[in-house]
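Visitor: Here is my input, please return the structure:
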Amino acid sequence: MGQTNTPTPHNEAKYGDIAKTVLMPGDPLRAKFIAETWLENPVCFNQVRNMLGYTGTYKGKEVSVMGSGMGIPSIALYSYELYHFYGVESIIRIGSAGALQEGMKLKDLVVAMGASTDSSYAGQLNVPGNFAPIADYDLLEKAVLTAREKNISVKVGNVLSADAFYNFDSTRTKRWADAGILAVEMESAALYVNAAQAKKKALSLLSISDHIFTGEELDAEERRVAFRDMIEVALELA
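Guide: Predicted structure coming up:
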């Protein structure tokens, strides 16, 4: 199936150019940085719309890394094609998030066990109720164990994949926090829905870059260090 659908209008890679495991940061320039910093012999497979993608090896295993863009529609499009047209088996989102709970610290690593959302994307599954998008447990368990081995502060739980970055109603985020949501971001729910539909694996790893209610936030150098920890955990899952 895949070979007849590639390249796509959004990805110039040919079938076989992309590894079975793909790391997906939102920012395509971060994909480039990861490829050039951690992968051996990285080869760029996509430059369409500047959504950069690379394939190389990490500790002898073939790994790809590709940007997802911002928000549910963007990651939904790219992850769908990776799963259905390129034979990808696992996608690991690596991104930033804003903490919502007391006691959470900047640079904490959040492993998204579930992804609540105010998006209607999961409606495509047409189930007679509300679908709960969740991570692949094997990936989740390995990520938690790897983070603990590296002495990285890790939190596991439910996150919010929001459609809006700027809320007209400032009370919305507080109500999600009251429901126990750990952190807010914009992509994980769509990735988990696509994985369920395709019967593939997905996991979101999120580095806390700011706290929504305290106003704390990392500076550029602190973000770089925190993101390195998250990236190195993700690479161990490949």
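
Visitor: so what pLDDT did the spatially most central residue of the chain get?
Guide: Residue closest to the mean C-alpha point of the chain, counted by C-alpha atoms, centre = their mean, is residue 93 at 1.7 Å. What the model reports for residue 93 is a pLDDT of 98.

Visitor: low pLDDT regions in the chain?
Guide: 1-3 (pLDDT under 70).

Visitor: Correct me if wrong: residue 25 contacts residue 51.
Guide: No. In this structure, residue 25 is not within contact of residue 51 by C-beta atoms under 8 Å, at 11.1 Å. (Glycine included, C-beta is placed from N, CA and C.)

Visitor: For this protein, which segments count as strands?
Guide: Applying DSSP state E to the chain gives strands spanning 21-25, 40-46, 53-58, 61-66, 90-99, 109-117, 154-161, 183-185, 201-211.

Visitor: Residue 195 is in contact with the residue nearest to the centre of the chain, correct?
Guide: No. In this structure, residue 93 is not within contact of residue 195 by C-beta under 8 Å, at 10.5 Å.

Visitor: overlap in contacts of those two?
Guide: residue 202 (C-beta atoms under 8 Å, 6 or more residues apart in numbering).

Visitor: Just give me the neighbour total for residue 51.
Guide: Look at residue 51: counted by other C-beta atoms under 10 Å, it has 18 neighbours.

Visitor: who touches it in this structure?
Guide: 10-11, 28, 66-69, 78.

Visitor: give me that answer again for 7 Å
Guide: Contact analysis of residue 51 by C-beta atoms under 7 Å, 6 or more residues apart in numbering lists 28, 66-67, 69, 78.

Visitor: picking that back up, which neighbours do residue 25 and residue 51 share?
Guide: By C-beta under 7 Å, 6+ apart, residue 25 and residue 51 have these common neighbours: residue 67.
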